[in-house]
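# missing the sequence, but the structure's below:
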C-alpha cells in the first residue's frame, strides 16, 4: 500500500487553501501586489507556494486573470502564438 495518493490529495487541498487565502487578501487590499508584466495588471505571490496570481482592478471589480505556476514559461506582452504558426 502506498501513501502517495492520500498525501497528494492533502497537498492539493493545502495549496488550494493558500490560493483562496491569497485571493481573499488581494480582494481586501487590491493594491498589495506589485505591478505586473502586462500593463494594468498586478501580481501577488501565493504564500508558501510556487504560484503567482495575476489580476487587474477596474473601479471596484477585481478580476483574477491567471494563476501561474512559477515553473511555467510566461509570455511577454505583445507576444502571441503567431510564432508557432497559430492564427
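That came through, no problem. If you're wondering where the values come from, they're calculated on a predicted model, not measured in any experiment.

# wasn't residue 47 part of a helix?
No - if the criterion is DSSP: H, G, I helix; E, B strand; the rest coil, then residue 47 is coil and not within a helix.

# which ones are touching the residue nearest to it when sequence neighbours are not counted?
Spatially, and ignoring its direct neighbours in sequence, residue 47 is nearest to residue 18 (6.0 Å; Cβ to Cβ, 6 or more residues apart in numbering). Every C-beta, even on glycine, is put in place using the N, C-alpha and C of the backbone. Going by Cβ atoms under 8 Å, 6 or more residues apart in numbering, residue 18 touches 46, 47, 48, 49, 51.

# excluding chain neighbours, what is closest to residue 36?
Nearest non-adjacent residue to residue 36 (Cβ to Cβ, 6+ apart): residue 43, at 4.6 Å.

# need phi/psi at the one you found.
Phi and psi for residue 43, reported as degrees, to the nearest 10, are phi -130, psi 140.
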